[in-house]
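Asks: sequence unknown, structure follows:
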DNA sequence: CCATTTAGTGTATTTTTTACACTACTGGCC
DNA sequence: GGCCAGTAGTGTAAAAAATACACTAAATGG
């Protein structure tokens, strides 16, 4: 009854993974980009990404790229969306799978010893639109940033983005950067402390020219619970002087 | 400086789209499956899906499949996730992009006049695990169902799944089916009506052997606003007699 | 020691969520 | 016509969560 048709015409495509890697440095949300060293879009800034090898799973490919281009290992990684417009790649039909990754900037260890990128650098999210990125990478970043905004209300992303020890103000700044809004200090602290997700280290900042803040770390145990169950983060915004991005 | 490498080895893959089509018939959440008419997995139940044509965008392909296999047009469609395990397809390397779709079962118009499926049928979500589905389709369904659960808290999905006129009880049953929990009738009504998303039609059910319920429809205008801004749906669950699925 | 800068804290008010049980209306049966 | 079965429809009080808001505390640097 059934016949084996010829499917060869379909097996002429390629796929890639691209990573939108978010980092945070005490005030600014950043994304890691590479300057491409090969065609197409040679010398354009682009997301770190590459072809998926024939015998490689998607997640594996994303982690390999993360390692090869940024020396990053064991980081938070999540698939976001695939992009497959017919003409998005000049070499042929190429679908790319976008991943988003959250890393501590201090862990970043650039690897110029690869033949894909000749430069790797962090850019503020707000500056990305001036760069004329390769492919449809700007669109991909916007989608991933939107995803991060949703994620932050439901998962303690600070754990991935902040250094091991941090102050409540740093944590608040992170939330403000992601949500692009100002938060009320007292309400933020009340909320975040009531989650019992933070451990007071009984240490304080040193060498700052003002009252030093207490240092905290995340409770890994609680964090894992949240990863499974999710949580709900809401703090009503207060008026902001100005809105970065999205203008 | 740069050289054009040989990328041919990467251009030997194919990709497909698969649709997880949700429908609702007054008590039960259902998924549309086809019985495959060709290899691989001939005669297995599977998600409606097919290869993406060389000159076809992903969304276009998903809509084409929806139309060809189920006669469905103009429906809610959203990309969910891509699946690309190395060995998921016996014919070679094939990534599939999973879409989820919400349709009114009454609009469904099966098309046996295609050469992919020789049967198309709705299955209760709870029954799917007994079917031994083709490929990794069961995993795909679980991911999409999880997505629907998240979506329902943030978007008025009822608009897509219910007939044009419906009762509040039907709407509540829909939420209960998706969330797999019981909801408190009074609190549900209070909440849903306070959103001003429903229009009271001043009509009632006919021919039911009990007090007839009032009929409502969605306010298309408000619905579109919600689509853009999202909303927040929460009603605390009450105890349930039993939990379907996920056991 | 004074100026500057950021850290840290509590309360009253409003809003939202929750728990909960009885009456209303219809068809069908006798 | 009256009664039964079955679902529709309704309100309130209590608890919990979210909000608005302003002053004191601790460090450095001149």
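Replies: Perfect, I can see it now. Computed from a predicted structure; not experimentally measured.

Asks: List of residues touching the helix or strand where residue A:147 lies?
Replies: Here residue A:147 sits within helix A:137-151, counting by DSSP states H and E. The contact list for helix A:137-151 (C-beta atoms under 8 Å, 6 or more residues apart in numbering or on different chains) reads A:18, A:20, A:22, A:31, A:46-47, A:80-81, A:83, A:96, A:98, A:100, A:125, A:128-129, A:131, A:133, A:157, A:178-180. Where you see a C-beta, it was placed from the backbone N, CA and C, and this is true even at glycine.

Asks: chain center to it, what's the gap?
Replies: In terms of C-alpha atoms, centre = their mean, to the nearest Å, the centre of helix A:137-151 is found 9 Å from the chain centre.

Asks: Please parse chain A into its domains.
Replies: Taking automatic domain parsing as the reference, chain A has its domains at A:13-151, A:158-238.

Asks: Now, of the contacts of helix A:137-151, which are buried?
Replies: Buried subset of these (neighbour count, 16 or more other C-beta atoms under 10 Å in any protein chain shown): A:18, A:20, A:22, A:31, A:46-47, A:80-81, A:83, A:96, A:98, A:100, A:125, A:128, A:133, A:157, A:178-180.

Asks: Okay, now the unreliable bits of chain A?
Replies: Scanning chain A for pLDDT under 70 picks out A:1-5, A:112-114, A:230, A:232, A:234, A:236-247.

Asks: change it to 90
Replies: Flagging of chain A using pLDDT under 90 yields the residue ranges A:1-8, A:26-27, A:37-39, A:42, A:68-73, A:107-119, A:154-155, A:224-247.

Asks: need the helices for it, in chain order.
Replies: Taking DSSP state H, the helices of chain A run over residues A:58-70, A:137-151, A:158-161, A:168-179, A:185-194, A:220-229.

Asks: Would you mind giving the ones you listed as TSV with distance to residue B:148 added?
Replies: Output for the helices of chain A, formatted as TSV (distance: least, C-beta to C-beta, whole Å):
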stretch	distance to residue B:148
helix A:58-70	23
helix A:137-151	16
helix A:158-161	27
helix A:168-179	26
helix A:185-194	29
helix A:220-229	18
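
Asks: which one of the domains of chain A is the most hemmed in?
Replies: domain A:13-151 (a mean of 19; mean count of other C-beta atoms under 10 Å in any protein chain shown).

Asks: Return the distance of that domain from the chain's centre.
Replies: With C-alpha atoms, centre = their mean, you get 9 Å for domain A:13-151.

Asks: Indicate whether it makes contact with DNA strand C.
Replies: No - using C-beta under 7 Å from any atom of the strand, domain A:13-151 never reaches DNA strand C; the gap is at least 10.2 Å.

Asks: got the end-to-end distance for that domain?
Replies: Counting by C-alpha to C-alpha, to the nearest Å, you get 32 Å between the two ends of domain A:13-151.

Asks: One more: stretch A:123-133?
Replies: Taking C-alpha to C-alpha, stretch A:123-133 runs 12 Å from one end to the other.

Asks: which residues does the nearest residue to residue A:63 once chain neighbours are set aside bridge with?
Replies: Leaving aside its sequence neighbours, residue A:63 sits nearest to residue A:77 (C-beta to C-beta, 6 or more residues apart in numbering or on different chains; 6.5 Å). Residue A:77 has the following beta-bridge partners by DSSP bridges: residue A:101.

Asks: Would you confirm that residue A:77 contacts residue A:61?
Replies: No - between residue A:77 and residue A:61 there is no contact under C-beta atoms under 8 Å: 10.9 Å.

Asks: Strands of chain A, start to end?
Replies: A:14-25, A:28-36, A:45-46, A:49-51, A:76-83, A:94-102, A:117-124, A:182-183, A:198-204, A:214-218, A:237-238 (DSSP state E).

Asks: Format the ones you listed as TSV; extra columns: distance to residue B:189.
Replies: What follows is those, written out as TSV (distance: least, C-beta to C-beta, whole Å):
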stretch	distance to residue B:189
strand A:14-25	41
strand A:28-36	41
strand A:45-46	52
strand A:49-51	49
strand A:76-83	36
strand A:94-102	39
strand A:117-124	47
strand A:182-183	34
strand A:198-204	39
strand A:214-218	41
strand A:237-238	30
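
Asks: With residue A:47 as the reference, measure out to residue A:32.
Replies: Using C-beta to C-beta, to the nearest Å, residue A:32 is found at 8 Å from residue A:47.

Asks: what touches both of those two?
Replies: Contact criterion C-beta under 8 Å, 6+ apart; residues shared by residue A:32 and residue A:47: residue A:19.

Asks: Surely residue A:187 and residue A:233 touch.
Replies: No - the criterion here is C-beta under 8 Å, and residue A:187 misses it with residue A:233 at 11.7 Å.

Asks: Could you pull up phi and psi at the residue of chain A found nearest DNA strand C?
Replies: Per C-beta to the nearest atom of the strand, residue A:210 is where chain A lies closest to DNA strand C, at 2.8 Å. Here is the backbone geometry of residue A:210 (degrees, to the nearest 10): phi -170, psi 180.

Asks: residue contacts, residue A:50?
Replies: Residue A:50 makes contact with A:16, A:17, A:61, A:65, A:68, A:116, according to C-beta under 8 Å, 6+ apart.

Asks: mind running it again at 10 Å?
Replies: With C-beta atoms under 10 Å, 6 or more residues apart in numbering or on different chains as the criterion, the residues that contact residue A:50 are A:16-19, A:61-62, A:64-65, A:68-69, A:96, A:114, A:116-117, B:10.

Asks: If we check DNA strand D, which of those residues are in contact?
Replies: The subset of those within reach of DNA strand D, by C-beta under 7 Å from any atom of the strand, is empty.

Asks: Tell me the one of those nearest DNA strand D?
Replies: Ranked by distance to DNA strand D (C-beta to the nearest atom of the strand), those are led by residue A:19 at 32.8 Å.

Asks: Thought residue A:76 was touching that closest one, still the case?
Replies: No - judged on C-beta atoms under 10 Å, residue A:19 makes no contact with residue A:76 at a distance of 11.3 Å.

Asks: which residue sits closest to residue A:131, ignoring its sequence neighbours?
Replies: Nearest non-adjacent residue to residue A:131, counting by C-beta to C-beta, 6+ apart: residue A:45, 4.8 Å away.

Asks: so how far is residue B:183 from that neighbour?
Replies: 49 Å.

Asks: What of residue A:117?
Replies: The gap separating residue A:117 from residue B:183 is 52 Å, by C-beta to C-beta.

Asks: Test my guess that residue A:123 contacts residue A:46.
Replies: No - Residue A:123 is beyond contact range of residue A:46, at 11.5 Å (criterion: C-beta under 10 Å).

Asks: Now the common contact residues for those two.
Replies: Common contacts of residue A:123 and residue A:46, defined by C-beta under 10 Å, 6+ apart, comprise A:33, A:131, A:133.

Asks: show me what contacts the second one?
Replies: Residues counted as contacts of residue A:131 (C-beta under 10 Å, 6+ apart) are A:33, A:44, A:45, A:46, A:123, A:137, A:138.

Asks: Tell me the bridge partners for the fourth one.
Replies: Beta-bridge pairing of residue A:46 under DSSP bridges involves residue A:34.

Asks: Correct me if wrong: residue A:16 contacts residue A:92.
Replies: No - with contact defined as C-beta under 10 Å, residue A:16 does not reach residue A:92; the gap is 11.6 Å.

Asks: Name the residues contacting each of the two.
Replies: In terms of C-beta under 10 Å, 6+ apart, residue A:16 and residue A:92 are both contacted by the residues residue B:10.

Asks: Correct me if wrong: residue A:21 contacts residue A:98.
Replies: No - look at residue A:21 against residue A:98 with C-beta under 10 Å: they stay out of range, at 11.3 Å.

Asks: where do the contact lists of these two overlap?
Replies: With C-beta under 10 Å, 6+ apart as the test, residue A:21 and residue A:98 both reach A:47, A:144.
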